[in-house]
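Engineer: Below is the sequence, then the predicted model.
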Amino acid sequence: MKFSELRLAEPIVRAVTAEGYETATPIQGKAIPEVLAGNDVLGCAQTGTGKTAAFALPMLHRLAETSTKRSKHPEIKTNGKGKRRRANPGRPRALVLAPTRELASQIFESFCSYGRHVRLRHVVVFGGVKQASQVRGLRAGCDVLVATPGRLLDLINQGHIDLRGVETLVLDEADRMLDMGFINDIRKVVGMMPKKRQTLFFSATMPKEIRDLSDSLLTNPVFMETAPVASPVETIKQSVYLVMRQNKPALLERILRHDDMNRTLIFTRTKHGADRVVKQLNRIGVEAGAIHSNKSQNARTLALKGFKSGKVQVLVATDIASRGIDVDQITHVINYDLPNLPDTYVHRIGRTARAGNSGIAMSFCDHEEIKHLKAIERLIRMELEIRSDESDLLFDPSRTRRKKNSAQKGHRGGSSKKRPNQSENREDGRPSHWNKRRAKSGRGNKGPAAPASNKQRSKRRKQAVA
C-alpha cells in the first residue's frame, strides 16, 4: 500500500516521498489507519521495519489538523518585583518516550524530516548534555516532545515542562525501557498526564511484562503483529564462528581485511570490552569509534556522525546503545560477544538489512557462550551456520565436551595425570611436614603439641629470667 492511499495530509506524503519512501511497510499499513482513527495501539514488529514512521506520520497528521496559530514566544508577565518572567512552561501536545539518547535523537530527526512542511515545533530532551538549549527550545513552543525518562522528570521537577496538555503518548521500544528499570519513571510520567489521551506502544518483542503494563495504561488497544515475536529479518545472512576467547582479536582482524566490509557495527558485552576492541582496530589501521554509557554525549554523537558519513568504518557499541542506531547501508553486524539474553541478539542484528536491504550478521562464540548460542537458536527457531574458514583459530565443540566431562571427574584440564599424595610420605598417614613439628615438641609419634596457654608461657618466661 502506498502512503498516498493512507489518507495522510499531502504535505506529509510529500515529505515522505522526498525521503525516498513510497510504499508502506506492513506495520505502517496496519498502524497508520488505527492511529488516525484515535485508537490506542499495541504494535509488535521486528527491528528495521519502520515503526517510527508508523506512529510519527499519523501523529503529525492529527496535530496539524487541530493546530492553532501560536505565538512564537509565550506570554510574558512580571513576577511582582518588576522583573519579567515566562508565564507557562513548555506544554507539549504529544510525548514520545525512548530508552536511550541515540534513539531519542533518531526519533526527533524523523519528526523533523516528515513534518518539514507542516507548522509544528519539535523538541528533544535527554541527559548527558547541558539543559540550557533544551529549555530554550521548550520556551519557544513545543508540539511534539521526544525525551528519555530521566531528563524528562528532571525538567518537570524544575518547572520547565507541563504534561497536562498531552494528547498522545508513545512508548517506543517499551520492552527495553522495562529492561533498563524505567518502569517507575514511566508510571510517574503517566500520572502527570490527562487520563483521556491516546497511548501507543511499539516494540520489537512483546514479553509478559509489556502486556501487563499495556493493560494498565491502554484503553481497548488494537494489537497488531507483523511477524513472529523476535524473528530476525529474512534478508540477513547469519553465521557463527566457534572461536576461543583469546583468538577473537585475531579473527576480527582477518575478517575486517575483506574488501566488502564497508560499514560494520560490532557489539560487545561490556563498555571496557568496546574500548579494547577500538584500541586494537586503531593499532592495525582501521578507523573505529565506540559508543557506550561511559562516553560523554558529545563523544557518542561524534562517533555516530562519523559512522553515518563513512569517515568511521567500524562502530563498536554495547547493548544499551543498540536501540538508537538507525543507520542506512550497514553491511555487517558482528557479535564480538554473544548476549546473555536471546532477545538482544535479534535487536543487534536488526541494525542491518534495513529499508529493504540485505545484510550479514556474524557471531563469535567461545566455550562459555555455547549455552547463549543454544538459547538464541531456540528463540529464532533455526540453527546458525557454523563457519569453518579461519580454522586455525576455531575449536571443535565435541572435544570441548569431553574435556568438561573429564574435569568433572576430578582431573585438572582433562589431564589423566594424578596429583601427588602427600600422605604417602609417612607410615602413619600424616603429611611429611609434621616431622619437624614432632621433632621440636619431642612428642614422638603422638602428633603435634597443643599450643601453650598464657599461664604456661608466663611460667617459662619467669624460669628463663631466673
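Structural biologist: The structure has been received and is ready for your questions.
Engineer: got the domain boundaries for the chain?
Structural biologist: The chain breaks down into these domains under automatic domain parsing: 3-76+86-225, 236-395.
Engineer: can you put those domains in CSV and add mean neighbour count?
Structural biologist: C-beta: built from backbone N, CA, C; applies to glycine. Output for the domains of the chain, formatted as CSV (neighbours: other C-beta atoms under 10 Å):
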stretch, mean neighbour count
domain 3-76+86-225, 19
domain 236-395, 18
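Engineer: Could I get those domains in a markdown table, plus columns for mean pLDDT and distance to Arg460?
Structural biologist: Listed next are those as a markdown table, based on pLDDT from 0 to 100; distance: least, C-beta to C-beta, whole Å:
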| stretch | mean pLDDT | distance to Arg460 |
| --- | --- | --- |
| domain 3-76+86-225 | 88 | 64 |
| domain 236-395 | 88 | 57 |
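Engineer: For the closest residue to Val129 other than its chain neighbours, which residues are in contact?
Structural biologist: Spatial nearest neighbour of Val129, excluding adjacent residues (C-beta to C-beta, 6 or more residues apart in numbering): Gln297 at 4.7 Å. The neighbours of Gln297, taking C-beta atoms under 8 Å, 6 or more residues apart in numbering as the test, are 101, 126-129.
Engineer: With Pro249 instead?
Structural biologist: 277, 280.
Engineer: Val125 now?
Structural biologist: The neighbours of Val125, taking C-beta under 8 Å, 6+ apart as the test, are 104, 131, 134, 138, 145-148, 151-152, 155, 161.
Engineer: do the same with Thr331
Structural biologist: 260-264, 352, 359-360.
Engineer: Taking the residues you listed together, which two end up most distant?
Structural biologist: Using C-beta to C-beta, the contacts of Thr331 span at most 13.0 Å, a distance reached by Asp260 and Thr352.
Engineer: Setting aside sequence neighbours, what's the nearest residue to Leu8?
Structural biologist: The spatially closest residue to Leu8, leaving aside those adjacent along the chain, is His61, at 5.3 Å (C-beta to C-beta, 6+ apart).
Engineer: any idea how far that neighbour lies from Ala250?
Structural biologist: Applying C-beta to C-beta, to the nearest Å, the value for His61 to Ala250 is 53 Å.
Engineer: that older thread, tell me which of the contacts of Val125 fall in helices.
Structural biologist: Residues of those located in helices (DSSP state H): 104, 134, 138, 151-152, 155.
Engineer: hmm, which two among those residues are most spread apart?
Structural biologist: Ala104 and Leu138 (14.7 Å).
Engineer: so where does Met382 fall, helix or strand?
Structural biologist: Using DSSP states H and E, Met382 falls within no helix or strand.
Engineer: what's the spacing between the residue nearest to it when sequence neighbours are not counted and Glu368?
Structural biologist: Spatially, and ignoring its direct neighbours in sequence, Met382 is nearest to Gln238 (7.9 Å; C-beta to C-beta, 6+ apart). As for Gln238, its distance to Glu368 is 21 Å (criterion: C-beta to C-beta).
Engineer: Next: His347.
Structural biologist: 22 Å.
Engineer: which one of the ones in helices among the contacts of Val125 is nearest Leu95?
Structural biologist: Leu152 (8.0 Å).
Engineer: residues contacting the closest one?
Structural biologist: So Leu152 contacts 97, 125, 145, 161, 189 (C-beta under 8 Å, 6+ apart).
Engineer: can you do 10 Å?
Structural biologist: Shown in contact with Leu152 (C-beta atoms under 10 Å, 6 or more residues apart in numbering): 95, 97, 104, 125-127, 145-146, 160-161, 163, 185, 188-189, 192.
Engineer: Ignoring the adjacent residues along the chain, who's closest to Gly90?
Structural biologist: Leu138 (3.1 Å).
Engineer: tell me which element Ala56 falls in.
Structural biologist: Using DSSP H and E, the element containing Ala56 is helix 51-66.
Engineer: ok, now Pro249?
Structural biologist: helix 248-256.
Engineer: One more: Lys371?
Structural biologist: In this assignment (DSSP H and E), Lys371 forms part of helix 370-380.
Engineer: Quick one: list the elements packing against that helix.
Structural biologist: strand 236-242, strand 332-335, helix 342-349, strand 359-365, helix 397-408 (3 or more C-beta pairs under 10 Å, 6 or more residues apart in numbering; DSSP states H and E).
Engineer: If we use 6 Å, what do you get?
Structural biologist: helix 342-349 (3 or more C-beta pairs under 6 Å, 6 or more residues apart in numbering; DSSP states H and E).
Engineer: What segments of the stretch 51-200 of the chain are strands?
Structural biologist: With DSSP state E, counting those that start in this stretch applied, the stretch 51-200 of the chain shows strands at 76-78, 84-86, 94-97, 122-125, 144-147, 168-172, 198-203, listed in chain order.
Engineer: just to revisit the earlier point, could you provide the domains of the chain in JSON lines, with additional columns for distance to Lys455?
Structural biologist: Formatted as JSON lines, the domains of the chain follow (distance: least, C-beta to C-beta, whole Å):
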{"stretch": "domain 3-76+86-225", "distance to Lys455": "61"}
{"stretch": "domain 236-395", "distance to Lys455": "57"}
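Engineer: quick one on the thing from earlier: between the contacts of Gln297, which sits nearest Cys112?
Structural biologist: Nearest to Cys112 among the contacts of Gln297, counting by C-beta to C-beta, is Phe126 at 15.5 Å.
Engineer: List the residues that contact that closest one.
Structural biologist: Applying C-beta atoms under 6 Å, 6 or more residues apart in numbering, we find Phe126 in contact with 101, 104, 148, 151.
Engineer: Nearest residue to Asp326 in space, please, no chain neighbours.
Structural biologist: Asp326 sits nearest to Gln106 (C-beta to C-beta, 6+ apart), 4.6 Å away.
Engineer: From Asp328, how far out is the one you found?
Structural biologist: 12 Å.
Engineer: which of the contacts of Leu152 lies closest to Arg254?
Structural biologist: Ala104 (36.8 Å).
Engineer: Spatially nearest residue to that closest one (excluding sequence neighbours)?
Structural biologist: Distances taken as C-beta to C-beta, 6+ apart place Ala98 nearest to Ala104, at 4.3 Å, with adjacent residues excluded.
Engineer: these two touch, right, the one you found and Ala174?
Structural biologist: No: assessed by C-beta atoms under 6 Å, Ala98 is found out of contact with Ala174, at 10.0 Å.
Engineer: surely Asp319 meets Thr344?
Structural biologist: Yes: shown here, Asp319 and Thr344 form a contact pair, counting by C-beta under 6 Å, at 5.4 Å.
Engineer: which helices and strands sit right next to the one helix or strand Met224 maps to?
Structural biologist: Using DSSP H and E, Met224 falls within strand 222-225. When contacts are defined as 3+ C-beta pairs under 6 Å, 6+ apart, strand 222-225 packs onto strand 41-44.
Engineer: So what touches the strand it packs on?
Structural biologist: Contacts for strand 41-44 (C-beta under 6 Å, 6+ apart): 31, 34, 200-202, 206, 214, 221-225.
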